[in-house]
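Undergrad: give me a 3D structure for the following:
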Amino acid sequence: MPESFAAIRERARLLPKGRSFEDFAPGQTFDHHWGRTVTESDSVRFSTLTLSYNPVYFNVETARAQGHDRLVAHPNLVFLTVFGLSVEDLSENGGPFLGVEELTFHRPVLVGETLSARSRVRDTRTSSSRPGMGIVSWHTEGLAGGEVVIDFIRTNFVRTADAPSVL
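TA: The predicted structure is shown next:
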């Protein structure tokens, strides 16, 4: 007979993931792992699912007519991909997302380009309203071919080392 969910859950243990508030210091940098190549499927699917019907995202002839040799990746797909590449290093430990500021797209990203990301800690402070949390801001850059194509400031609550696993 299969083991019950309750029995499995009872045996389970929480494995710590991510960094704590105390692990961040202004000026600290992170070169985020892997990178992600933007595919034609990514571009077409993202533009369709988000109802973004600018044909440069899914029609090669239109993209060429506008001076691109390939499809253009939707800018929000570029932003979300770069943001996602940073999560493991910056905010995986949990804590509410507080926002993005100064989002700048430096040039279009084309299908087939590989995005990578790096971040620098801008500011840290303890939260006066949420015990067990600190607030961290990072400046994140997304790169394609070594060139910055997007950058933004991102801020999150981050658990302190002594915070309970569930706040």
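Undergrad: how many neighbours does residue 33 have?
TA: The number of residues packed near residue 33 is 10, by other C-beta atoms under 10 Å. The C-beta positions use only the backbone N, C-alpha and C, and glycine is treated the same way.
Undergrad: wait, it touches residue 88, no?
TA: Yes. In this structure residue 33 lies within contact range of residue 88 using C-beta atoms under 8 Å: 7.2 Å.
Undergrad: and the longest helix belonging to the chain, what's buried?
TA: Counting by DSSP state H, the longest helix found in the chain is helix 75-90. Of the residues in helix 75-90, 75, 77, 78, 79, 81, 82, 83, 85, 86, 89, 90 count as buried by neighbour count, 16 or more other C-beta atoms under 10 Å.
Undergrad: kindly report the same for stretch 11-19.
TA: Buried, per 16+ other C-beta under 10 Å, within stretch 11-19: 18, 19.
Undergrad: could you tell me the end-to-end distance of that stretch?
TA: Using C-alpha to C-alpha, to the nearest Å, the end-to-end distance of stretch 11-19 comes out at 25 Å.
Undergrad: what's the spacing between that stretch and its chain's center?
TA: A distance of 21 Å separates the centroid of the chain from that of stretch 11-19, by C-alpha atoms, centre = their mean, to the nearest Å.
Undergrad: about what we covered before: what sits up against the longest helix of the chain?
TA: 18-19, 30, 32-36, 38, 42-43, 46-47, 50, 52, 100, 103, 105, 108-109, 115-117, 119, 136, 138, 140-142, 149-150, 152, 154, 156 (C-beta atoms under 8 Å, 6 or more residues apart in numbering).
Undergrad: what's the ChimeraX syntax to select whichever of the residues you listed are buried?
TA: The following ChimeraX line selects those of these that are buried, judged by 16+ other C-beta under 10 Å:
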select :18,19,30,32,35,36,38,42,43,46,47,108,109,115,116,117,119,136,138,140,141,142,149,150,152,154,156
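Undergrad: keep only those of the contacts of helix 75-90 that are in strands.
TA: Judged by DSSP state E, the contacts of helix 75-90 include 30, 36, 100, 103, 105, 115-117, 119, 136, 138, 140-142, 149-150, 152, 154, 156 as members of strands.
Undergrad: now the two most distant members of the buried residues of helix 75-90.
TA: Pairwise distances among the buried residues of helix 75-90 were taken by C-beta to C-beta; the largest, 23.0 Å, belongs to 75 and 89.
Undergrad: next one: the residue positioned nearest the centre of the chain from residue 115, what distance?
TA: Most central in the chain under C-alpha atoms, centre = their mean is residue 83, positioned 1.8 Å from the mean C-alpha point. Residue 83 sits 11 Å away from residue 115, going by C-beta to C-beta, to the nearest Å.
Undergrad: that concludes my questions; thank you for your assistance.
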